[in-house]
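[1] Give the three-dimensional model of this entry:
(2 chains)
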Number of protein chains: 2
Amino acid sequence: MPLKSYISYSTESNFPLENLPYGVFSTKNDPIHRIGVAIGEKVLDLKNSKNIFDQPLYEIFQQSSLHSLMASSKDTWSLARKLIQSYLSIENVENLEKAVFWDQNEVIMHLPVTIGDFTDFFSSYYHALRCGMLLNPLKPLGENWKNMPVCYHSRSSTINVSGKPVVRPNGQYLVDKKVTFGPTKMLDYELEVAFFVGGTLNSPAEPIPVSKASEYIFGMVLLNDWSARDIQMWESHFLGPFLSKNFATTISPWIVTMEALEDFKTDNFKQEHTPLEYLLHENKFNFDIHLSANICYPGSQQNYTICETNFKYLYWTPLQQIAHHTVNGCTLKPGDLLSSGTVSGPKDEECGCLYEKTNGGKNPIELGDRKLTFFEDGDTVILSGFCQGDGYRIGFGCCSNTIVNRV
Amino acid sequence: MPLKSYISYSTESNFPLENLPYGVFSTKNDPIHRIGVAIGEKVLDLKNSKNIFDQPLYEIFQQSSLHSLMASSKDTWSLARKLIQSYLSIENVENLEKAVFWDQNEVIMHLPVTIGDFTDFFSSYYHALRCGMLLNPLKPLGENWKNMPVCYHSRSSTINVSGKPVVRPNGQYLVDKKVTFGPTKMLDYELEVAFFVGGTLNSPAEPIPVSKASEYIFGMVLLNDWSARDIQMWESHFLGPFLSKNFATTISPWIVTMEALEDFKTDNFKQEHTPLEYLLHENKFNFDIHLSANICYPGSQQNYTICETNFKYLYWTPLQQIAHHTVNGCTLKPGDLLSSGTVSGPKDEECGCLYEKTNGGKNPIELGDRKLTFFEDGDTVILSGFCQGDGYRIGFGCCSNTIVNRV
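    Residues are numbered from 1 along each chain as shown, chains lettered A, B, ... in the order given. Model prediction:
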């Protein structure tokens, strides 16, 4: 039986009482950034609502970012969730008088925290395989790929929350083998799911073992790793992608906590090749999250679905990602963001980016009377995701941007 | 004629009145982080000295980091320098009563700012060429290399100032083609020079043209980009280096300002291949900075010099690096760090890392009775750098770490 709140919502709502994702918002008449929790179509204002928390939680929820909460322990996260769930529960309807609610469509969402370092993985087997087939059909997967969760450092300064237009980037690429400069002609998305690091920081130079890694995951968001494929192919030789990625990255504004996702754990991806011991774990840490990408554009009659996939297709788990990331002593900090890489599944409709889906741009997708290879100005790309419970959903909301030309 | 201060120092001092580099320090009895400027063997405490600044500079120098100063404009930097230079000048010896000085060897140095994003370039022609020869002798330089300042995102969280021991990292690498886990056997340094971004942030999505880029460079430090070559070779396929770099990066604690370096401008490296227009500039923005790396170890009779090179060997200038970095709209922020990559020159003694110098580990360096290929535990590696003026030096001080084993 789903839980019941005095705030009403449908069974298809992203944000029932079972979810309670955190975000940072402001309102038109009060520009102060503050922490809220999404419930139905409302936001519970955790700074201004009365009688939810005692110290130290009270102080944590007076902050303008989620950093203090992220830097707390798993027990603190659990307690906060319990108190908010009880506060919003139908039995405690008298809280309506003490609570401050906003409509989600009237608030302005902000980055939930100042993001420290941003690491992007490449953890989907099907994505790695399909991209590899396009680039090197005789040996699509690098030898290292099944031995470690391959990843790279990406750029924090250009991460924004859903909504901000994405400006088509200029850059260098080859046209008929000639080096050319101009707006990318191969603007692509990547459907990813990222998690925020939380918990008490590992001591410098101390690896986090795979068995303890779950203590350091605060919660998850959708992430669109915008990519310019022509720039990427030309620049990546030797040190990997740079300008082809760091012009824009978008996350969904509500962080779904690991506790909300607990009931949606599913079997880990079967790893054909046994990795080294520091990467081994038996416990389930994979999640059944339905993911989709949609597009609409000026004049389109509808939203077209261009991808339907699932988080569970990831070959490497977040626990393995953390164990690998810190095995050399690299310090993780609360507010760091680690992303999955494009989440693709085995089927054609499960390709999480256009490069894969269109076979490197060769096979356009038919959308009514439009043929889509890469994005055009005016296109709006919407990522969404949810876990289906029994009579309720744990939703991520959406991550949406419209592409504009540089003026 | 060199300038003269009432603080005395030798003509070989790193920190004469012409230099005035900024750092953040604390003292044994006062753990508050505060801004200082190095003069001779002293630190002028800019928070606690009286009568140097009016507002708004006074407030800027009350901060615990250099962020506010970095986020100011070039004119503000210039004014601050002028006031400090005058304050320390021999004509104003009466300031001795109002000034607070510390001995450099009694202060504890800290990171000068919370570093946002860290970008590492690969801008030395000789380094790129020698590494390329080792990896792919038929085509040592990638086709993109002469068309753009190739670079990648690196890790901010593990940057420290000189002094902190470097823990030998564990990781994966191949031994006789077998995937193995353990402490790196190929621990290397990279002699680099990095600059801190300053000035008023570019608006999101607005490129900084090469003609304006100098307004966004606050000052320079030495940087040791510690590297584990065995881990690097195994992990880098597809997305570039990660764990082989992010276990430790060290910077020298004193930031030498661009104004102090102005007199040491020298011709730009001649670019045989004309790059695209957004990378072209005629004005000199290369610097004659002598750089060296030394090693000592338990039982060594002396410090051995393992590299003597010069910043002027960089093929790409910092202006080109900034223009490239932002041409796609990527946002730079005050406190971001951009590093040169290994600075190597044409001669054998000018190799800025052991991988190059020892020809991939094949030709050890003879140090008295020791043969050095890669570093051993207990080795201390010291980078230093200076510009030679007429009767004075603009020094960077040093960047020194001892390697220890993980306990």
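[2] can you pull the buried residues of the longest strand belonging to chain A?
    As assigned by DSSP state E, the longest strand anywhere in chain A is strand A:393-404. Going by neighbour count (16 or more other C-beta atoms under 10 Å in any protein chain shown), the buried part of strand A:393-404 is A:393-403. All C-beta atoms are positioned from the backbone trio N, CA, C, and that covers glycine.
[3] Which strands or helices does that strand pack on?
    strand A:166-167, strand A:217-224, strand A:249-251, strand A:256-257, strand A:380-388 (3 or more C-beta pairs under 8 Å, 6 or more residues apart in numbering or on different chains; DSSP states H and E).
[4] quick one: the helix or strand that the second one is followed by near chain B?
    Pointing back at strand A:217-224 there. Going down the chain from strand A:217-224, the next helix or strand is strand A:227-228, by DSSP states H and E. Yes: contact of strand A:227-228 with chain B (C-beta under 8 Å from any C-beta of the partner chain) involves residue A:228.
[5] Any idea how far strand A:227-228 is from the middle of the chain?
    17 Å (C-alpha atoms, centre = their mean, to the nearest Å).
[6] is the helix or strand that comes right after that strand anywhere near chain B?
    Per DSSP H and E, the first helix or strand lying C-terminal to strand A:227-228 is helix A:229-235. Yes: Helix A:229-235 reaches chain B (C-beta under 8 Å from any C-beta) through A:231, A:234-235.
[7] And the contacts of helix A:229-235?
    A:169, A:171-174, A:179, A:184-188, A:241-245, A:355, A:361, A:374, B:144, B:148, B:150, B:328 (C-beta atoms under 8 Å, 6 or more residues apart in numbering or on different chains).
[8] Now which of these would you call buried?
    Neighbour counting with 16+ other C-beta under 10 Å marks A:169, A:171-173, A:179, A:184-188, A:241-245, A:355, A:361, A:374, B:144, B:148, B:150, B:328 as buried within these.
[9] between the buried residues of strand A:393-404, which is closest to residue A:262?
    residue A:394 (9.7 Å; C-beta to C-beta).
[10] Now do the contacts for the closest one.
    Applying C-beta under 8 Å, 6+ apart, the residues near residue A:394 are A:14, A:16, A:18-19, A:256, A:260-261, A:264, A:386-387.
[11] Can you pick out the ones from those residues that are in helices?
    A:260-261 (DSSP state H).
[12] nearest to chain B, of the contacts of residue A:394?
    residue A:256 (24.6 Å; C-beta to the nearest C-beta).
[13] My guess is that closest one contacts residue A:396. True?
    Yes: taking contacts as C-beta atoms under 8 Å, residue A:256 lies within contact range of residue A:396: 5.8 Å.
[14] which stretches of the stretch 101-250 of chain A have low pLDDT?
    A:202-203 (pLDDT under 70).
[15] if we go to 90?
    Scanning the stretch 101-250 of chain A with the threshold set as pLDDT under 90 gives A:200-206, A:238.
[16] Strands of that one, start to end?
    Using DSSP state E, counting those that start in this stretch, the strands found in the stretch 101-250 of chain A span residues A:101-103, A:108-110, A:118-121, A:151-154, A:159-161, A:166-167, A:170-175, A:178-183, A:187-188, A:191-197, A:217-224, A:227-228, A:249-251.
[17] counting contacts, what elements does the fifth one pack onto?
    With contacts defined as 3+ C-beta pairs under 8 Å, 6+ apart, the packing partners of strand A:159-161 are strand A:249-251.
[18] What strands line up against the strand it packs on, and which way round?
    Neighbouring strands of strand A:249-251 in its sheet, by DSSP bridges, are strand A:159-161 (parallel), strand A:217-224 (antiparallel).
[19] any chance of those strands in a markdown table, with distance to residue A:285 and mean neighbour count too?
    Formatted as a markdown table, the strands paired with strand A:249-251 follow (distance: least, C-beta to C-beta, whole Å; neighbours: other C-beta atoms under 10 Å in any protein chain shown):
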| stretch | distance to residue A:285 | mean neighbour count |
| --- | --- | --- |
| strand A:159-161 | 25 | 20 |
| strand A:217-224 | 9 | 26 |
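[20] Check whether the closest residue to residue A:40 other than its chain neighbours sits in a helix, strand or coil.
    Sequence neighbours aside, residue A:9 is the residue nearest to residue A:40 in space, at 3.2 Å (criterion: C-beta to C-beta, 6 or more residues apart in numbering or on different chains). Judged by DSSP: H, G, I helix; E, B strand; the rest coil, the three-state class of residue A:9 is coil.
[21] so how many other residues sit close to residue A:9?
    16 (other C-beta atoms under 10 Å in any protein chain shown).
[22] From chain B, how far out is it?
    From residue A:9 across to chain B, the span is 35 Å (C-beta to the nearest C-beta, to the nearest Å).
[23] just to revisit the earlier point, including pLDDT, could the contacts of residue A:394 go into TSV?
    Below are the contacts of residue A:394 laid out as TSV (pLDDT from 0 to 100):
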residue	pLDDT
A:14	98
A:16	98
A:18	98
A:19	98
A:256	98
A:260	98
A:261	98
A:264	98
A:386	98
A:387	98
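[24] Closest one to residue B:99 out of the contacts of residue A:394, please.
    residue A:256 (55.0 Å).
[25] so that closest one bridges to which residues?
    Bridge pairing for residue A:256 - DSSP bridges - gives residue A:220.
[26] residues in contact with it?
    A:19, A:21, A:219-221, A:394-396 are the contacts of residue A:256 under C-beta under 8 Å, 6+ apart.
[27] try it again with 6 Å
    Taking C-beta atoms under 6 Å, 6 or more residues apart in numbering or on different chains as the criterion, residue A:256 is in contact with A:21, A:219-220, A:396.
[28] I'd like the domain boundaries of chain A, if you could list them.
    A:22-110, A:118-404 (the TED database).
[29] Point out the most buried one among these.
    Among these, domain A:118-404 has the highest mean neighbour count (mean count of other C-beta atoms under 10 Å in any protein chain shown), at a mean of 20.
[30] what's the straight distance from one end of it to the other?
    Using C-alpha to C-alpha, to the nearest Å, the end-to-end distance of domain A:118-404 comes to 25 Å.
[31] The stretch 201-350 of chain A against chain B: which residues are in contact?
    Proximity of the stretch 201-350 of chain A to chain B (C-beta under 6 Å from any C-beta of the partner chain) is limited to residues A:205, A:234-235, A:237-240, A:242-243, A:246-247, A:276, A:327-331, A:333.
[32] Could you measure from residue A:102 over to residue A:36?
    7 Å (C-beta to C-beta, to the nearest Å).
[33] which neighbours do these two share?
    residue A:43.
[34] ok, now which ones touch residue A:52?
    By C-beta under 6 Å, 6+ apart, the contact set of residue A:52 is A:83, A:87.
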